[in-house]
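> here's my sequence, what's the structure:
(2 chains)
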Amino acid sequence: MDEIELIRQLAERAGEAPTPRVDVATDVLTRIRRRPVSNGTRAWAVTAAVGMAVAIGSCVMAAGSWGSLANPLADLGMPEAAGGVR
Amino acid sequence: MLQTDIDRAAGGDGAAYARIVGAYQQAVARRMMRFGRNRADVEELVQEVFVEAYFSLGGYRSEAPFEHWLQRIATRVGYRYWKRRQRERREVAGLAIELEQVAAAGDERAIDAADAAELLRGVLDRLPPRDRLVITLLHVEGRSVEEAARLSGWSRTMVKVQAYRARAKLRRLLESTAPSGRRKGDDHG
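Modelled structure (predicted):
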């Protein structure tokens, strides 16, 4: 008899043990209410907040860069490029 | 009705979720009997399954039967339980004697159901959780590779590879402790 046949025979002889009656609805609801925010969720929230801050900062810096680019163009004798005098 | 309760539960309706738990708790308990050692373990595992299912309700797609979806979660929870236990487990004395009984059980028809269950658990307890899961699904429960893949979340190839490795480990485990004169091959004369 090989190992798998042995396992099958043991499983067959063990049969189906009677399943205990369970009544867990109340406990489940209690555990759901008490479940703290997981570390994973918390880490995700922090990452999202930092990401958003970086994105906003990048936009602000980009706007600033656009303004500083306009002035050198004006210095090169292209006032209209800087939205300047006609 | 079930879909309505699922939608309501996903929206935070506790009473709707309690109805779902009530309808499926015995089926889940039957599944968790494979994983837990006693009634207290089984009850704890059933709770764990329903807590995890609640927080995963958003991922349930109604094309598949709800019970299948729940059984997949149950298998995952049971597998995690084995992994936790493996870390906690300490080797107990008498392994060789116990496995001798298992080897002898093949010839001994008189072994009763409780002893068979205990011996089966004793052998499977010594396998790593991955091997134990695949042996349980394929050979204890007699499921197909397809079903084993669905329940474990592994690919069919992974199930086959894992089954091959698990079988080799099981063979080594049994051979290493078999009584002298009853090594593999003895059955063939």
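
> please pull out the lowest mean pLDDT helix or strand from chain B.
Sorting the helices and strands of chain B by mean pLDDT, DSSP states H and E puts helix B:95-105 at the bottom, at a mean of 59.

> C-terminal to it, what's the next element?
helix B:113-124 (DSSP states H and E).

> ok, and does the helix or strand that that following helix is followed by reach over to chain A?
On the C-terminal side of helix B:113-124, the closest following helix or strand by DSSP H and E is helix B:129-135. Yes - applying Cβ under 8 Å from any Cβ of the partner chain, one finds helix B:129-135 touching chain A at residue B:135. From N, CA and C alone the C-beta is placed, and that goes for glycine too.

> tell me the average confidence for helix B:129-135?
Summarised as a single mean, pLDDT over helix B:129-135 is 96.

> so which elements touch that helix?
If contacts are counted by 3 or more Cβ pairs under 8 Å, 6 or more residues apart in numbering or on different chains; DSSP states H and E, helix B:129-135 sits against helix B:66-88, helix B:145-152, helix B:156-177.

> mean pLDDT and mean neighbour count added to the ones you listed, as a markdown table?
As requested, the helices and strands packed on helix B:129-135 are exported to a markdown table (pLDDT from 0 to 100; neighbours: other Cβ atoms under 10 Å in any protein chain shown):
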| stretch | mean pLDDT | mean neighbour count |
| --- | --- | --- |
| helix B:66-88 | 92 | 17 |
| helix B:145-152 | 96 | 18 |
| helix B:156-177 | 91 | 16 |
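
> which one of those lies closest to chain A?
helix B:156-177 (4.6 Å; Cβ to the nearest Cβ).

> and the closest one, what does it pack against?
Counting by 3+ Cβ pairs under 8 Å, 6+ apart, helix B:156-177 packs on helix A:3-14, helix B:95-105, helix B:113-124, helix B:129-135, helix B:145-152.
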